Each structure stands twice: as C-alpha cells, then as structure tokens.
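Peer 1: heads up, no residue letters with this:
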Ligand code: MSP
C-alpha cells in the first residue's frame, strides 16, 4: 500500500462556514477515510487562509483586529470539523509562525533566483476572490468568477515570472491527462488561460498590511494566493522542518496525491501553483479535482447574499451520519447540486430509515425470534443465497472503482444496491415460513447467517462515509471493536462473522423523519419554503374522498380454499360476497393453511379488474397487513357482520 496525501482548500475565515464548505470537507474526509481503510499511509490536511484584503476589511467593519477576528471564526471552524468528525491529520493556519516563516523563505528564494522582480501593477482586483484581472478578462466590467464588482488598483508590486514557465506547464498538462479533473476543467484551463498567453503575476500588495511581510521589503505583504497555496508544502515542513514530532513529512508525502478544490479555484491550483512549484524545483501534485458547488435556489451560497445553511443546525436536527450521507450521496461528485432540506429528509427516510435501518432491525428481530439471538451456523448455500454473496463482492468492486474515480456518490450507490437486494432476499427466502417447519431448520440457519453476514459487510463498506453507523451495526451484531479497525482484506471476506455470536438488538438506527410535524424552530432561513414543498409533496401523495369512494371494499366469506399447484405462496379461495360467488387467488399460503381459511370473513376489493395469476382467474383482492419482519395478518371485521357488507 502506498502513501496518500490529500488536501482541502484552506477556507477564508471571513465568516462562519456553511453547508457548501461542509460538503467539500466531508467529501475529502470520505476519501481520506477510504484510503486509510484500504491500508494507505494517509496524510489529510485542511486549514484556514487568514490574510488578505477581504479579511482585513471584514475585521475593520466589526471594529476588531484582523487577528482577533480570525481567531474567533477559526475556533468555530475547528469546532464544526469536530462535530462532523473530519479526520484531518493537521490543520494549518496561515497566521502560524511555521507557515509565515516558510512563505518568507519561499519568496526570498524566488527573488534571489530572479523569478520575482519589482515593478508597478495597474489593473483590476476582485477582493471577494482576491484575484487580479486584466480589462480583457472582465465580464461586463465585473469579476468573471463571482460576477461582483472589481476595483482599479495601481501600486508598486513584486511580480512573478509566470510567463517563463507557461510552455512547460502546457506540456505537463497535455502529457498528464489525470492532472486536472474533470476533463472539462482541463480544457477550460488550457483554452481560456494558458493558450491565450500567460502574463506575469503580481505577488505582493502595498495598499493594506494584513499579510506576510516580504522580508527584504516590509512595506509589501505577500499576495494572499501565493501565501495560501504554499500551505500545502509549509504544513509538511517545507523548506526547513520546524516540527520535531514529524521531521520527515515533506519527504514522505510530497507531491500531493490529490488537491480537492471547488471549481472556481481550479485556475489557481492548476496554473499558479504548478508554476510556483516548477520555480522551486519541486514535483507537481498528482491530481487536482475541481468539484461542483452546492447551490441554493440556483445560486452559490454566500453569507453576503444571506442564503446560507448552517451545518450545525442540520446535525443537531438530523444527526451527523444523516447529514454526511446526504452530502456524499445526493450529488454526483463534480457536478453542482441543489441543496434542499426536503431532499435531505427524503434521503434519510428512504435510504437510511427504510432500507438500511429496516434491514438491521428485521435481521436482528428474526435472529432473536427464530434463533434466540444467536448467529447460526449456515448450511449449504442455495442459488438464492449465492446471488446475494456474489453481489456483496460485486458491490465492493464497484465501490473501489468508484472511489478510484472520485465518484463518491457512486460508491455509496453500490453499497445501497446491496442493502436493497438483501431486503428483497429476506422477502424471497421468507425465514418466517421456514421457521414454522422444523425440517427446514438448516435452511433457516443459512438464510439467517446470509442476512447477518451481508449486514456485517455493509457496515465495513460504510466505514469511509458514515462515522457512527458502522459501529452501531457492529455492536448490534454483537461484535466488539469497530469495523474501521480491521485489516481490510480480512474484513471484506465472506464468512468472517462467527456462528455463535450473540447479537444485541438495539434501537432503530435511523428513525423516520415525520414530515407532517417538523420539529420546533426554524432550521434554515428557507424553512417556510421547505414546509411548503413538503406539503406539496404530501398533497400529491394524498387522495380525495371521491377517489377513495371509487374503491368498493366488501366483506366476503371464504367457502372453500386450496393451494395452487406448483406455487408455495398462492391459495385459491372461493368466497361469497352477498349473493355472488367469486374466486380469488391470494399470496398468503406461507402464512395461512387452506383449511384454516374456510369460514373466515375477510375484506376484499370487489371492483378490482379480474386478473390471472398462474393462469387462474382472480376476481378481486383480499386485504392483509404486513410488517417489516415479513409477517402477515388478514383483516377481518371485528364482529360477524355478514358477507357483502360494505367497508367504508
Ligand atoms: N481561501 C481560498 C482557497 C485557498 S486554497 C489554497 C478560498 N476559500 S473559500 O473559503 O472561499 O472557499 C474554500 C472552498 O470552499 C472552495 O473550494 C470553494 O469552492 C468551496 N465552497 C464554497 N462554497 C461552496 C459551495 N456552496 N459548494 C461547494 N463548495 C463550496 O477559496
């Protein structure tokens, strides 16, 4: 196994972070956790980009020093990552001495070797993006990245000879097709920025002072992007390691395996950053991946627009794994995704509560009920079991290939395909029916084992994504420790779960969110809109009294019943509905014997179009209740009321 150095961008602590930032960091965290799980030696870095004009202005606007301002916000950011259980190995602040000193050394080196020279800058500057633009690059006079207004800047500056490295960079990008991903971003960089010609880059500012001082000319502060991009190497101890605890980080981990960045800052990471690295004589990162944005009402979230969602509120309301799952699963990684609380609730209810939570609950209930809470020893696997075992291995292969391609959503889809298949397997294998026949004991054991071992594998597969759920499943299965601690190649082997393990059924791991009654208190500024959307969805699921009255429900009396030949599930019933006699074929044979049906009053849908089941005419359908454990109970009138009576 190799080393894996992964980074997030370092965030501006100009405001508290929102769900869009959490999206970026949680996805990086899933990749870091996955690589750790498969045995790579991982270093995962995140941090904060604390200098620059934007932060200085923000601090001034609230009347505190920039340092005091960022200290407050950075504490909140660290707290947010703790709440989301981000597994970073280091957190770099660009105001730390280790970083400031290193940036000064870098600047000095580039100056001494003639790559940085002094001149005057005259051009446009976007303060929110901290980006220089030429008049030609502006979009209707505004910043081409964020669309906001730009300022004319004229000041003495140091320049970096970017133009000198442009051809080498074009060649590098063309020869290394994996360097910039997705490929659309690569083409954009080549065609929009590199091929039209690269101008020298302004790398210092003199009209404000919140930055790292140029050591040999302290009225200049280092341009914030040169300062910020360097974090990826200064955090590893470049150029001179000051961290006695980790003296060889740089040798060990550089070049980065992946810089994960938002699409709007791909340009800084694939043009400016590689050129600086070339000038420093350092290898380039292996991959820069530009992911999309989580947008709200079609626009990028921003505090200034007032359309932000606070991840802490969502975690408090729905739990950390629900929020992580949504952020990882909902949007194909690389594309923009639209955030709605409604979609988050639907994900929780369908995937987590109905599929995964239910699978755990019914598996453990059946082990409790049919085998006194002990995982049984499986007998010979039949074709049906083999299908699930095979899919469990195929899902793993799909998960791995998706993670290699950074298709994080696809990796989770592969796991949840297995979750649904296992639920279907339980319906098909019908352990409750097997349990009624002592001759089928061994078959029942095989089915119960297959259910629990698949569930165990699902817990192992979920380790990179969810931080509480895998351990909860593990515990309920009666296993000690955590699936994250196991040697991966052992953990993913079918048959790891020992027969005889005593399970410990617990509370449902993902209760359904009752959308009828959202909990007290607004969660996001869009709360009324969320409620409206949910109400709309609900009303589309509802029917009117007129629609209901179209269904003719009647009491019917069973006068004869027999099994349908060649089917273990179907019974053929002759029923009386008033004066009329009818035949109904019903899938209840695993739950009711033909003989016990005769004489019962049941409820049927009398005006259902006749249909043929196994070639036998069925004139109606009987009503029965079924629960998540697959048990079934017929509906009967509470008192004898006489066949033909209407049910309403
Ligand atoms: N400080 C620079 C990065 C320097 S890296 C050497 C910066 N900071 S930022 O706070 O504005 O953005 C940090 C990251 O958060 C960017 O990659 C950006 O794309 C990402 N996101 C900000 N809002 C986002 C969404 N709404 N959705 C997804 N990602 C978002 O740029």
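Peer 2: Looks like it arrived, so ask away. Nothing here was measured: the structure is a model prediction, and the numbers come from that model.

Peer 1: Residues of this protein that sit close to the ligand?
Peer 2: 9-12, 20-21, 23-24, 49, 228-229, 231, 261-262, 264-265, 293-294, 300-301 (Cβ under 6 Å from any ligand atom). (Each C-beta comes from the backbone N, C-alpha and C, glycine too.)

Peer 1: My read is that residue 607 contacts residue 549, right?
Peer 2: No: when contacts are counted by Cβ atoms under 8 Å, residue 607 is not listed as touching residue 549 (11.0 Å).

Peer 1: hmm, back to that, please flag which of the residues of the chain next to the ligand sit within helices.
Peer 2: Judged by DSSP state H, helices contain the following of these: 20, 21, 23, 24, 228, 229, 231.

Peer 1: quick one: the fourth one from residue 124, how far?
Peer 2: In this structure, residue 24 lies at 27 Å from residue 124, with Cβ to Cβ, to the nearest Å as the measure.

Peer 1: separation between the residue of the chain found nearest the ligand and residue 326?
Peer 2: Residue nearest to the ligand within the chain (Cβ to the nearest ligand atom): residue 262, separated by 1.6 Å. The gap separating residue 262 from residue 326 is 18 Å, by Cβ to Cβ.

Peer 1: neighbour-wise, which of these two wins?
Peer 2: residue 326 (26 against 19; other Cβ atoms under 10 Å).

Peer 1: that older thread, I'd say the residue of the chain closest to the ligand and residue 23 touch.
Peer 2: No: look at residue 262 against residue 23 with Cβ under 8 Å: they stay out of range, at 9.4 Å.

Peer 1: Return every residue with contacts to both of these two.
Peer 2: Here residue 262 and residue 23 share no contacting residue, scored by Cβ atoms under 8 Å, 6 or more residues apart in numbering.

Peer 1: Now do the helices for the stretch 401-550 of the chain: every range, in order, please.
Peer 2: Remark: helices assigned in the stretch 401-550 of the chain by DSSP state H, counting those that start in this stretch are 408-429, 431-434, 441-461, 469-476, 488-491, 527-541, 545-549.

Peer 1: Please produce TSV containing those helices, extended by mean neighbour count and mean pLDDT.
Peer 2: Below are the helices of the stretch 401-550 of the chain laid out as TSV (neighbours: other Cβ atoms under 10 Å; pLDDT from 0 to 100):
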stretch	mean neighbour count	mean pLDDT
helix 408-429	20	97
helix 431-434	20	96
helix 441-461	23	98
helix 469-476	21	98
helix 488-491	13	96
helix 527-541	13	52
helix 545-549	8	80
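
Peer 1: so which two of the ones in helices among the residues of the chain next to the ligand are the farthest from each other?
Peer 2: Spanning the widest gap among those are 23 and 229, at 21.8 Å by Cβ to Cβ.

Peer 1: before we move on, back to that, closest one to residue 503 among the helices of the stretch 401-550 of the chain?
Peer 2: helix 469-476 (6.5 Å).

Peer 1: Just the angle for that closest one relative to helix 441-461, thanks.
Peer 2: 150 degrees (axes from the mean of the first three to the mean of the last three Cα atoms, to 10 degrees).

Peer 1: looking at this structure, which helix or strand is least sure?
Peer 2: Ranked by mean pLDDT, DSSP states H and E, the weakest helix or strand in the chain is helix 527-541, scoring a mean of 52.

Peer 1: quick one on the thing from earlier: and the residues of the chain next to the ligand, which are buried?
Peer 2: Neighbour counting with 16 or more other Cβ atoms under 10 Å marks 9-12, 20-21, 23-24, 49, 228-229, 231, 261-262, 265, 293-294, 300-301 as buried within the residues of the chain next to the ligand.

Peer 1: looking at the helices of the stretch 401-550 of the chain, which is closest to residue 159?
Peer 2: Nearest of the helices of the stretch 401-550 of the chain (Cβ to Cβ): helix 408-429, 39.5 Å.

Peer 1: helices or strands next to that closest one in the packing?
Peer 2: helix 19-37, helix 320-329, helix 358-371, helix 383-404, helix 441-461 (3 or more Cβ pairs under 8 Å, 6 or more residues apart in numbering; DSSP states H and E).

Peer 1: Would you mind getting the angle between it and helix 383-404?
Peer 2: Going by the same axes, to 10 degrees, helix 408-429 makes 170 degrees with helix 383-404.

Peer 1: Just give me how far helix 408-429 sits from the chain centre.
Peer 2: 16 Å (Cα atoms, centre = their mean, to the nearest Å).

Peer 1: try stretch 418-437
Peer 2: Offset of stretch 418-437 from its chain centre (Cα atoms, centre = their mean): 29 Å.

Peer 1: how about the helices of the stretch 401-550 of the chain in TSV, adding distance to residue 337?
Peer 2: Output for the helices of the stretch 401-550 of the chain, formatted as TSV (distance: least, Cβ to Cβ, whole Å):
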stretch	distance to residue 337
helix 408-429	9
helix 431-434	39
helix 441-461	23
helix 469-476	22
helix 488-491	30
helix 527-541	16
helix 545-549	35
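
Peer 1: List the contacts of residue 127.
Peer 2: 53, 54, 57, 151.

Peer 1: Just the buried residues out of those residues, in ChimeraX syntax.
Peer 2: Buried members of the contacts of residue 127, defined by 16+ other Cβ under 10 Å, are picked up in ChimeraX with:
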select :53,54
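
Peer 1: and which of the contacts of residue 127 is nearest residue 504?
Peer 2: residue 54 (52.4 Å).

Peer 1: That closest one contacts residue 12, correct?
Peer 2: Yes: with contact defined as Cβ under 8 Å, residue 54 counts as touching residue 12 (6.6 Å).

Peer 1: quick one on the thing from earlier: just send the contacts of residue 127 back as TSV, with pLDDT and secondary structure too.
Peer 2: What follows is those, written out as TSV (pLDDT from 0 to 100; DSSP: H, G, I helix; E, B strand; the rest coil):
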residue	pLDDT	secondary structure
53	92	helix
54	92	helix
57	94	helix
151	93	strand
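
Peer 1: Looking at the contacts of residue 127, which is nearest residue 287?
Peer 2: So of the contacts of residue 127, ranked by how close each gets to residue 287 (Cβ to Cβ), first place is residue 54, at 28.3 Å.

Peer 1: give the contact list for that closest one.
Peer 2: 12, 14, 127, 128, 130.

Peer 1: Just to check, the last one is in contact with residue 224?
Peer 2: Yes: checked against Cβ under 8 Å, the pair residue 130 and residue 224 is within contact range at 4.8 Å.

Peer 1: Identify the contacts common to these two.
Peer 2: 52, 53.

Peer 1: Now distance to residue 636 too, for the ones in helices among the residues of the chain next to the ligand, in CSV please.
Peer 2: Listed next are those as CSV, based on distance: Cβ to Cβ, whole Å:
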residue, distance to residue 636
20, 55
21, 57
23, 52
24, 57
228, 72
229, 73
231, 71
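
Peer 1: Good, we can wrap up now.
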